[in-house]
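[1] next comes the sequence, and after it the predicted model I'd like to discuss.
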Amino acid sequence: MPSVMQPVAVSPPTVDPPVRRWLTLAVVSVSLLVVGLDTTVLNVALPTLVGDLGASTSQLQWIVDSYALMSGSLVLFCGSLADRLGRKWIFMSGLALFTVASVVAAYAGSVTALVLARGAMGVGEALIMPATLAVIGNVFPRGAERTKAIGIWSVSGR
């Protein structure tokens, strides 16, 4: 019986020119930094949300937790999805979803809209996180350079 989702052939790591490797690392690291800063920014904005949206304590908890619930529950699945559909495509999709959901969250006029937007941002993060490390593994050859790249990646994340 044919499968609906055919796995994408994962190519072995290629040796890109050094400038391209480090540029790729910069892009994935900055995306992780932005995703990681989101949680910090939200914690600072919570008092403003009470005033602007009239959010109760339980609603504030949902605003914070919808992101974490979606991200935490989907990160392993999204890593597998990146292996099947392509790491770059999943990374770019996650970045697009996170960006659009961030704009929706910024203009949310109700607590419900904000909770849903934050949940979508969590899905975007779940798509981004595992794909970034896999992209680094593909771009950097084994050895000291890859170790340094993974170190930079880990500092830019949470």
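    Right, received. Where do you want to start?

[2] the chain: helices as residue ranges?
    Counting by DSSP state H, the segments of the chain that form helices are 18-53, 57-85, 87-106, 111-139, 144-156.

[3] now do the third one, average pLDDT.
    Rounded to a whole number, the mean pLDDT of helix 87-106 is 95.

[4] quick check: angle from that helix to helix 111-139?
    160 degrees (axes from the mean of the first three to the mean of the last three C-alpha atoms, to 10 degrees).

[5] picking that back up, redo the helices of the chain as TSV? Include mean neighbour count.
    Just so you know, the C-beta spots here come from the backbone N, C-alpha and C atoms, and that holds for glycine as well. Output for these, formatted as TSV (neighbours: other C-beta atoms under 10 Å):
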stretch	mean neighbour count
helix 18-53	15
helix 57-85	17
helix 87-106	18
helix 111-139	22
helix 144-156	14
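
[6] low-confidence regions, the protein specifically.
    With pLDDT under 70 as the threshold, the chain has low-confidence stretches at 1-16, 158.

[7] quick test: name the residue nearest the centre of it.
    Glu125 (2.4 Å; C-alpha atoms, centre = their mean).

[8] distance of the closest residue to Ala117 other than its chain neighbours relative to Val111?
    Counting by C-beta to C-beta, 6 or more residues apart in numbering, Ala117 lies nearest to Ala105, which is 3.7 Å off, once chain neighbours are set aside. Noted for Ala105: a distance of 11 Å to Val111, by C-beta to C-beta, to the nearest Å.
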